[in-house]
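**Student:** okay, here's the prediction I keep looking at, along with the sequence it came from:
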Amino acid sequence: MKNFFRRISDGFRSFMAGRYGADELSSFLSIAALVLLVLSALVRQLFFLYFLALGLLIWSTFRMLSRNTLKRRQEREAYLRFFGHFRQKWNLIKNRWRDRKTHRYYTCPSCHVTIRVPKPEKGKTIAITCPKCGNRFERKN
């Protein structure tokens, strides 16, 4: 039985050799297709979402099985450039929530970079030096 699974694994590995494989964009397309499929199943008036989901699944599979890695890499870079800003904002919100009891986040008035500093005592003024531009400013808690 072990030999059977090993042969299947080796066969799949040789089939995928030279192909692009899964990446963030393919995962996003697959998850979006799954959401659209669920929506189309729940709301009968949105039956066209089924065809849109099917198209996304076909596109995702095409990307994973493609041998044109340069083109797929360019598509991935465009996706990351487009959604990178949203991901960065989401991570900042998540970190602010995680650190809400121990740290404060301040924005440098000069370069507008967000700075994480340990939470000062209530009513105290804290002097902050921006690590990016070196600007020194004060904030009160």
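**Tutor:** Okay, I see it.

**Student:** average pLDDT across the helix or strand harbouring R81?
**Tutor:** For R81, the host element (DSSP states H and E) is helix 69-98. Averaging pLDDT along helix 69-98 yields 92.

**Student:** right, and the helix or strand after that helix?
**Tutor:** Next along from helix 69-98, by DSSP H and E: strand 103-107.

**Student:** tell me the mean pLDDT over that following strand?
**Tutor:** 91.

**Student:** and if you look at stretch 133-141?
**Tutor:** Stretch 133-141 shows a mean pLDDT of 85.

**Student:** need the phi and psi values for I115.
**Tutor:** Per-residue torsions, I115: phi -120, psi 130 (degrees, to the nearest 10).

**Student:** distance of it from K2?
**Tutor:** 55 Å (C-beta to C-beta, to the nearest Å). No exception for glycine: its C-beta is placed from N, CA and C like everyone else's.

**Student:** show me where this structure has strands.
**Tutor:** Using DSSP state E, the strands found in the chain span residues 103-107, 114-118, 125-129, 136-140.

**Student:** hmm, who's touching the third one?
**Tutor:** For strand 125-129, contacts defined as C-beta atoms under 8 Å, 6 or more residues apart in numbering pick out 106, 108, 115, 117, 120, 135-141.

**Student:** just the buried residues of these.
**Tutor:** Buried by 16 or more other C-beta atoms under 10 Å: 108, 115, 139, out of the contacts of strand 125-129.

**Student:** between the residues you listed, which sits nearest L65?
**Tutor:** The closest of these to L65 turns out to be I115 (C-beta to C-beta; 45.2 Å).

**Student:** ok now do the residue nearest to that closest one when sequence neighbours are not counted, which residues does it touch?
**Tutor:** In this structure, I115 finds its nearest non-sequential neighbour in Y106, 5.2 Å apart by C-beta to C-beta, 6 or more residues apart in numbering. For Y106, the contact set (C-beta under 8 Å, 6+ apart) comprises 114-115, 117, 128, 139.

**Student:** circling back: the strands of the chain: which one's closest to I8?
**Tutor:** Across those, I8 has its closest neighbour in strand 114-118 (48.5 Å, C-beta to C-beta).

**Student:** for that closest one, name the packing helices and strands.
**Tutor:** Of the remaining helices and strands, those touching strand 114-118 by 3 or more C-beta pairs under 8 Å, 6 or more residues apart in numbering; DSSP states H and E are strand 103-107, strand 125-129.
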